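> got a predicted structure plus its sequence, pasted below:
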Amino acid sequence: MAVPTLIDTIPDYPRRAAKYAPVSAALRAMYGYPGWRQAYPPVDELVDCILSQSTTDANKDKAFALLKGKYPTWEAVRDAATDAVIDTIRPAGLANQKGPRIQEALRFITQERGAINLDFLGNLPIEEAKAWLMRMNGVGPKTAAIVLCFAFNRPAFPVDTHIHRLGQRIGFLPQGISADKAHDVMEAMVPPDDYYAFHLNLIRHGREVCIARAPRCALCPITDYCDYYLFTIRVSTT
């Protein structure tokens, strides 16, 4: 007897999965199709993602720029006094946690690989690459997926705050699902070649239209496929 998978536990999964094609097409028509480009090298992407936890993009970017401006190499960050690293990244918030976490990650990479370099992840099987990254303290499925998707263009689908919110609103994800479990569901629904573009388009949609407090449904091109609109907004107006 086959062992049930996570997908087997998702209620109404075929209906949810069927949303992908029309939603992806509508978002492409609205925002275009972003092609992959490496914004940061892998180690930079890892540190940037650690800084991004529980803060705004603006604060994260400011802290990352300060860190790169003060320390010429990641080895210098690794070997610096922890208090100095904490002071440098204060704009990102939770600096007392993030500073030691960044240094721990850099030490872990050094111990495992002999140098601060993650290029080898591009050649590992994807699940092995995820598992390797998640051996680091503070690196979970989201951070691992971001590093692999954005630094390597590998088939990993990151689920951040916007994706988690939109996934549940649109109906890709059942209400109340954890962000960690949501990664596997989204990876099952979306073709791997579209992970990068669909992720970015969903994030843009979450920032510009399907905003957290008051989604702008009148401007949305996917209301015909959106559970929130069909079962909450439309019902309330009829």
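Arrived safely, thanks for sending. Numbering: from 1, shown residues only.

> so the most centrally placed residue in the chain, which of the three states?
In the chain, the centroid-proximal residue (C-alpha atoms, centre = their mean) is residue 158; its distance is 3.3 Å. Secondary structure, DSSP: H, G, I helix; E, B strand; the rest coil: residue 158 is coil.

> ditto for residue 174
coil.

> that one: neighbour count?
Number of residues near residue 174 (other C-beta atoms under 10 Å) recorded here: 18. The C-beta positions use only the backbone N, C-alpha and C, and glycine is treated the same way.

> my read is that it contacts residue 9, right?
No: at 9.1 Å, residue 174 does not count as touching residue 9 under the criterion of C-beta atoms under 8 Å.

> lowest average confidence, helix or strand, in this protein?
Least confident helix or strand, the chain: helix 234-236 with a mean of 63, by mean pLDDT, DSSP states H and E.

> just the buried positions in the top helix by length along the chain, please.
Counting residues, the longest helix found in the chain (DSSP state H) is helix 95-113. For helix 95-113, the neighbour count (16 or more other C-beta atoms under 10 Å) marks 95, 98, 99, 101, 102, 103, 104, 105, 106, 108, 109, 110 as buried.

> what's the closest of the residues you listed to residue 202?
residue 98 (25.9 Å; C-beta to C-beta).

> pretty sure that closest one is touching residue 92, no?
Yes: with contact defined as C-beta under 8 Å, residue 98 and residue 92 form a contacting pair (6.2 Å).

> got any residues that touch both of the two?
residue 51 (C-beta atoms under 8 Å, 6 or more residues apart in numbering).

> quick check: can you list the domain ranges of this protein?
7-34+169-181+191-236, 42-152 (automatic domain parsing).

> excluding chain neighbours, what is closest to residue 110?
Nearest residue to residue 110, sequence neighbours excluded (C-beta to C-beta, 6 or more residues apart in numbering): residue 116, at 5.8 Å.

> separation between the one you found and residue 183?
26 Å (C-beta to C-beta, to the nearest Å).

> with neighbour numbers in mind, choose between the two.
residue 183 (23 against 18).

> quick one: mean pLDDT over the helix or strand harbouring the more buried one.
With elements taken from DSSP states H and E, the one containing residue 183 is helix 179-189. Helix 179-189 carries an average pLDDT of 94.

> ok, now stretch 91-104?
pLDDT averaged over stretch 91-104 gives 97.

> and if you look at stretch 132-144?
Mean predicted lDDT for stretch 132-144 stands at 95.
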